[in-house]
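Chemist: Return atomic coordinates for the entry below.
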Amino acid sequence: MDYKEVLNLYIPLVDFIADIIGPHCEVLLHDIIDVENSVIAIRNGYISGRYIGCPLTDLGFKLLQNKTFLNQNALVNYRSRTASGDNLISSTYKIKDAKGELIGMLCVNILNSTDDLINKIPTEFPLTAMLGNVVRMDDTEEVKESLSTSLDSVVDDAVKNIITKYKISAERMSSEEKSAIVQELREDGIFKIKGAIAKVAATLRTSESTIYRYLAMKTN
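Modeler: As a prediction, the model looks like this:
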């Protein structure tokens, strides 16, 4: 059985979980081998705006790069955010092959506020029946995943999230700070994405050759 056949076994679970939790819950299946067309099944995609054929997320690339999946089967109840700014509570089950290699992810994303329910849920669903089931999380909780619809957005979100930690603009950053950002992006697997070097260089207001130089530096 090849990896695609293994992943196909999980497709019925997408509908199963979505039917149990309800229309305020997005459920999708990722093929992490084909990162550009990673989403192979999805329910309630209106929540994040994603659809079949959307790419792997920034968190997915980080899992691939850091191999953290070797020590755990799932990440549960972490905060994520859609491209439109809606906060979600997310959980990811890691699907592995017989050798223990990561081949896919089954993801559950639940709207985190009543306002999001009102704005996102189709009118045919009874809203009052769901209000008591909204998962709450403190707004200060770190956002661990951006639910993007394109690889360009994955890169943009990853860079933006790291730059935000520095609380200064790219123009005012030192070369040491920019190098640290590049190293963090490398650890997160962002440079696996085609064209990432050019986009990171533009965002950090530097040249592509400088990004390559930062990547060539040894880190402790």
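
Chemist: okay, CA-based contacts and neighbour counts for the rest of this
Modeler: Noted.

Chemist: how about the residue nearest in space to the middle of the chain, phi and psi?
Modeler: When Cα atoms, centre = their mean is applied to the chain, the residue found nearest the centroid is Thr57 (3.2 Å). Main-chain torsions, Thr57, degrees, to the nearest 10: phi -90, psi 170.

Chemist: For the remainder of this discussion, apply numbering that starts at 52.
Modeler: Noted, 52 is the first residue going forward, which turns the last one into Thr108.

Chemist: show me what contacts it?
Modeler: Contact analysis of Thr108 by Cα atoms under 8 Å, 6 or more residues apart in numbering lists 196-199, 205.

Chemist: Quick check: which ranges of this protein have low pLDDT?
Modeler: Low-confidence segments of the chain (pLDDT under 70): 119-121, 164-192, 269-271.

Chemist: longest single helix anywhere in it?
Modeler: Longest among the helix segments of the chain by residue count, using DSSP state H, is helix 202-217.

Chemist: Would you mind listing the buried residues in that helix?
Modeler: Neighbour-count burial for helix 202-217, counted by 16 or more other Cα atoms under 10 Å, picks out 202, 204-210, 214.

Chemist: same deal with stretch 215-228?
Modeler: For stretch 215-228, the buried set under the neighbour-count rule, 16+ other Cα under 10 Å, comprises 221, 224.

Chemist: contacts for it?
Modeler: For stretch 215-228, contacts defined as Cα under 8 Å, 6+ apart pick out 214, 229, 254-256.

Chemist: how about the helices in the chain?
Modeler: Going by DSSP H, the chain shows helices at 54-59, 62-72, 109-117, 165-171, 202-217, 226-238, 247-254, 259-267.

Chemist: can you list contacts of the first one?
Modeler: Spelled out, that is helix 54-59. Here helix 54-59 makes contact (Cα under 8 Å, 6+ apart) with 82, 146, 148, 154-155.

Chemist: And the contacts of stretch 130-138?
Modeler: Taking Cα under 8 Å, 6+ apart as the rule, stretch 130-138 contacts 98-100, 139-141, 160, 162-164, 167, 188, 192-200.

Chemist: Return the alpha-carbon coordinates of that stretch using PDB.
Modeler: The C-alpha trace of stretch 130-138 is given here as PDB (Å, rounded to 0.1, in the frame of the first residue of the first chain):
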ATOM      1  CA  ARG A 130      -4.300  28.700  18.500                       C
ATOM      2  CA  SER A 131      -4.400  29.300  14.800                       C
ATOM      3  CA  ARG A 132      -5.500  32.200  12.600                       C
ATOM      4  CA  THR A 133      -7.200  32.500   9.200                       C
ATOM      5  CA  ALA A 134      -6.000  34.900   6.500                       C
ATOM      6  CA  SER A 135      -9.000  37.100   7.300                       C
ATOM      7  CA  GLY A 136      -7.900  37.300  11.000                       C
ATOM      8  CA  ASP A 137     -10.400  34.800  12.600                       C
ATOM      9  CA  ASN A 138      -9.000  33.000  15.700                       C
END
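
Chemist: Work out the gap between it and the centre of the chain.
Modeler: Here stretch 130-138 is found 10 Å from its chain centre; the criterion is Cα atoms, centre = their mean, to the nearest Å.
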